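Trainee: I'd like to go over a predicted model; first the sequence, then the structure.
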Amino acid sequence: MIRIYFFAKIKEELSLDFFDLDIKTPCSVSEIRNSLISEFNSHKYLFSIDYSICAVNQELSDDKKCVESNDEVAFFPPVTGG
């Protein structure tokens, strides 16, 4: 099981700060994305690679990143500034 943290628009849309995902580890960020899309099908766009960024242990991570059960995983929309 991995605890997934949500921020910004993702947190607002799901009305959740975090979700405990039942998934076999080690796994990839891509596998986590696909599991979240299945779990939150009506909000699947939130987890598309075009909409959200993933951080593992507070470092931006691509979809190939290997995740272990004790890792901190977070999803959030891209950040822009002005």
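Mentor: Now that the structure is in, tell me what you want to look at.
Trainee: helices of this protein, residue ranges please.
Mentor: Assigned by DSSP state H, the helices in the chain fall at 8-14, 29-39.
Trainee: so what's the gap between the last one and the chain middle?
Mentor: On the basis of Cα atoms, centre = their mean, to the nearest Å, helix 29-39 is displaced by 8 Å from the centre of the chain it belongs to.
Trainee: then the first one?
Mentor: Offset of helix 8-14 from its chain centre (Cα atoms, centre = their mean): 12 Å.
Trainee: what sits up against it?
Mentor: The contact list for helix 8-14, computed with Cβ atoms under 8 Å, 6 or more residues apart in numbering, reads 6, 17, 40, 43, 46, 52, 75-77. Yep, even glycine has a C-beta here, placed from its N, CA and C like the rest.
Trainee: of those, buried ones?
Mentor: The neighbour count (16 or more other Cβ atoms under 10 Å) marks 6, 40, 46, 52, 75-76 as buried among these.
Trainee: how near is residue 61 to residue 67?
Mentor: Separation of residue 61 from residue 67 (Cβ to Cβ, to the nearest Å) stands at 8 Å.
Trainee: about what we covered before: need the contacts of helix 8-14 in TSV with distance to residue 25 and pLDDT, can you?
Mentor: Formatted as TSV, these follow (distance: Cβ to Cβ, whole Å; pLDDT from 0 to 100):
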residue	distance to residue 25	pLDDT
6	19	98
17	21	98
40	20	98
43	24	97
46	22	97
52	20	97
75	17	98
76	22	96
77	25	95
